[in-house]
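> All I have is the shape, not the residue letters:
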């Protein structure tokens with residue numbers, strides 16, 4: 001794995017973790033779900049809302065791109 005692939009993985013993991021923990025807290029306190037349904041619901045929410053990061057080799061070298069449902073198109077990062 002290249003540095004950008006590792007960075008993409010860490011960005012994706014970090015974004016998912018933040019959204020999962022936030023969603024788990026909100027689901028636990030504001031819904032009547034119990035047991036296994038709380039983390040399962042938080043997992044689905046975190047998966048759907050987290051941005052997707054990819055390291056792609058282009059003719060200019062390897063670049064990091066992000067796609068998110070709240071943004072139109074694909075954004076190049078650094």
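Noted; the coordinates are in hand. Fair warning: this is a prediction, and the values are worked out from it, not measured in the lab.

> which residues touch stretch 4-15?
Counting by C-beta atoms under 8 Å, 6 or more residues apart in numbering, the neighbours of stretch 4-15 from elsewhere in the structure are 1, 50-55, 62-64, 66. C-beta coordinates here come from the backbone N, C-alpha and C atoms, glycine included.

> isn't residue 24 right next to residue 39, touching?
Yes: with contacts counted by C-beta atoms under 8 Å, residue 24 reaches residue 39, the gap being 6.2 Å.

> Please state the offset of whichever helix or strand residue 9 is part of from the chain centre?
Using DSSP states H and E, the secondary-structure element containing residue 9 is helix 3-30. Relative to the chain's own centre, helix 3-30 is displaced by 6 Å; criterion: C-alpha atoms, centre = their mean, to the nearest Å.

> Give the rounded mean pLDDT of it.
Taken as a whole, helix 3-30 has a mean pLDDT of 96.

> Mind giving me the packing neighbours of whichever helix or strand comes after that helix?
Following the chain from helix 3-30 toward its C-terminal end, the next helix or strand by DSSP H and E is helix 37-49. Other elements packing on helix 37-49 under the criterion 3 or more C-beta pairs under 8 Å, 6 or more residues apart in numbering; DSSP states H and E are helix 3-30.
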